[in-house]
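> task: produce atomic coordinates for the following.
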Amino acid sequence: MLAGEAEALLRAMFEAAVRAADPERVVSAFLPDPPAGRTVVVGAGKASAAMARALERHWPGPLEGVVVTRYGHAVPCERIRILEAAHPVPDANSEAAARAILEAVRGLGPDDLVIALISGGGSALMALPASGLTLADKQAVNRALLRSGADIGEMNCVRKHLSAIKGGRLAAAAFPARVVTLAISDVPGDDPAVIASGPTVPDPTTFAEARSILVKYGIAEPAAVIAHLARGEEETPKPGDLRLARTEFRLVATPQRSLEAAGEVAERAGIRPVILSDAIEGEAREVAKVMAAIARQVRRRGQPARPPCVLLSGGETTVTVRGDGKGGRNVEFLLALAVALRGEPGIFAVAGDTDGIDGAEEVAGAILRPDSLERAARLGLDAKAMLARNDAHPFFAALGDQLVTGPTLTNVNDFRAVLVAEAAS
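Numbering: from 1, shown residues only. Okay, here's the model as predicted:
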């Protein structure tokens, strides 16, 4: 397989994965029946505005509401107000949006319906500090957690216990109205309590767990946060809470469905897809070492499949920031994969965030080719040194191998495809 053909196939698989989670394609099949009373739409996440537009187009009756999405991810709606805020660290608009969303569901009755549109990124975009805390407190903890290597479940456990809206509190505020959540999953395992910190579902985690997470990662500030968690007052609604008895949760798109869609593209090209997992976690560079070993086993031993085949995986890796470079977890994975493969022939890869943004860059990810290290060396780039300082974006930018999509208006988290195009001779 020629390098151009391999790259085109990898890009097509990524596009198929994103398309499988397009709100316009998936939302309408999961809509509830209209209520006798009002229909109020609320939501938060990188896909929430696109979900709201799809809902408007397919809803048979009157509706109203407000959702918040990331800056640059808004789309026009006629009846639902679209707000924008910051991600991954919340800003003042995140707090204002959370207040507007809470206000929208207050005072509803048993004949009313709340449709909550929830997707990845909602934790930062809908940030309302618990009593006694400030937005600055939440921002400081968010930054520390993002740099610590904590996984999404750990981060969201802490966020829920610093919030006045997450961890089931939004649904509790809407009681006695019926609440139907339509969610696009961006978390390993598709746990409703983890997606956007579960604002409409019971929370099984506790203040004690949140405290232990901060201890685990050596986070001892701000003092107000530590004191709040130590007091442990006003625990989140737990399973069995009567205020959440009229809630229903519907997954409209998942990482697994996107991997399957990518696999179908591979099959049409005569390439066998091997879906390893939709829920891989861990340090991006460590996951890369494992993937490199599997790819070598395929090429040299024909196990677990004979070439040509593609190893597909999703989930959410983490990066413990050690340097001052510009990176994201997907490009860090690819740079570590390049280092581990050491130019092994016949192996190509793509890794990208399905929301179109990997880390703080407006880049989804990148493409890796067997000659990437060689081309980088000719440009004077030291792959190992750049990996050590978390500087993967400039590495792939210099090669011209970045995957640039712009905001995709959806989010089923990381997508990885390692293409083993040929067997070892």
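
> the strands in the chain, which residues?
39-44, 64-70, 80-85, 113-119, 178-184, 247-253, 272-283, 309-318, 347-353, 365-368, 402-403, 414-420 (DSSP state E).

> looking at the ones you listed, which is nearest to Leu9?
Comparing the strands of the chain by their distance to Leu9 (C-beta to C-beta), the top pick is strand 414-420, with 6.8 Å. No exception for glycine: its C-beta is placed from N, CA and C like everyone else's.

> okay, and for this protein, where does confidence drop off?
By pLDDT under 70, the low-scoring segments of the chain are 360.

> okay, the strands of the chain in JSON lines with mean neighbour count and distance to Met155 next?
Supplementary listing: the strands of the chain in JSON lines, determined by neighbours: other C-beta atoms under 10 Å; distance: least, C-beta to C-beta, whole Å:
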{"stretch": "strand 39-44", "mean neighbour count": "28", "distance to Met155": "16"}
{"stretch": "strand 64-70", "mean neighbour count": "26", "distance to Met155": "17"}
{"stretch": "strand 80-85", "mean neighbour count": "20", "distance to Met155": "17"}
{"stretch": "strand 113-119", "mean neighbour count": "28", "distance to Met155": "16"}
{"stretch": "strand 178-184", "mean neighbour count": "26", "distance to Met155": "18"}
{"stretch": "strand 247-253", "mean neighbour count": "20", "distance to Met155": "21"}
{"stretch": "strand 272-283", "mean neighbour count": "17", "distance to Met155": "12"}
{"stretch": "strand 309-318", "mean neighbour count": "24", "distance to Met155": "9"}
{"stretch": "strand 347-353", "mean neighbour count": "29", "distance to Met155": "16"}
{"stretch": "strand 365-368", "mean neighbour count": "29", "distance to Met155": "21"}
{"stretch": "strand 402-403", "mean neighbour count": "22", "distance to Met155": "25"}
{"stretch": "strand 414-420", "mean neighbour count": "27", "distance to Met155": "15"}
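
> out of these, which is closest to Thr206?
Judged by C-beta to C-beta, the one of the strands of the chain that comes nearest to Thr206 is strand 247-253, at 20.4 Å.

> so Arg25 sits right up against Arg19, yeah?
Yes. Between Arg25 and Arg19 there is a contact under C-beta atoms under 8 Å: 7.1 Å.

> could you check how far Ala96 is from Arg106?
Using C-beta to C-beta, to the nearest Å, one obtains 16 Å as the distance from Ala96 to Arg106.

> higher neighbour count, these two?
For the pair Ala96 and Arg106, the greater number of neighbours falls to Ala96 (16 against 9), based on other C-beta atoms under 10 Å.

> my read is that the more buried one contacts Glu84, right?
No. When contacts are counted by C-beta under 8 Å, Ala96 is not listed as touching Glu84 (10.6 Å).

> show me where the stretch 301-425 of the chain has its helices.
Counting by DSSP state H, counting those that start in this stretch, the stretch 301-425 of the chain forms helices over residues 329-341, 372-378, 383-388, 392-399, given from the N-terminal end onward.

> for His73, which of the ones you listed is the nearest?
Between His73 and these, the shortest gap by C-beta to C-beta is with helix 329-341, which sits at 18.4 Å.

> packing partners of that closest one?
With contacts defined as 3 or more C-beta pairs under 8 Å, 6 or more residues apart in numbering; DSSP states H and E, helix 329-341 has these neighbours: helix 284-301, strand 309-318, strand 347-353, strand 365-368, helix 372-378, helix 383-388, helix 392-399, strand 414-420.

> mind putting the ones you listed in CSV, distance to Asp111 included?
As requested, the helices and strands packed on helix 329-341 are exported to CSV (distance: least, C-beta to C-beta, whole Å):
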stretch, distance to Asp111
helix 284-301, 49
strand 309-318, 39
strand 347-353, 41
strand 365-368, 46
helix 372-378, 60
helix 383-388, 58
helix 392-399, 52
strand 414-420, 42
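
> of the ones you listed, which is nearest Ala245?
Judged by C-beta to C-beta, the one of those that comes nearest to Ala245 is strand 309-318, at 31.2 Å.

> that closest one pairs with which strands?
Strand 309-318 pairs in its sheet with strand 272-283 (parallel), strand 414-420 (antiparallel), by DSSP bridges.

> may I have the last one exported as PDB, CA atoms only?
Output in PDB follows, covering the C-alpha atoms of strand 414-420 (Å, rounded to 0.1, in the frame of the first residue of the first chain):
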ATOM      1  CA  ASP A 414     -10.100   9.900  21.300                       C
ATOM      2  CA  PHE A 415     -10.000   8.000  18.100                       C
ATOM      3  CA  ARG A 416      -6.900   5.900  17.200                       C
ATOM      4  CA  ALA A 417      -6.200   3.700  14.100                       C
ATOM      5  CA  VAL A 418      -2.900   1.900  13.600                       C
ATOM      6  CA  LEU A 419      -2.800   0.500  10.100                       C
ATOM      7  CA  VAL A 420      -0.400  -2.400   9.500                       C
END
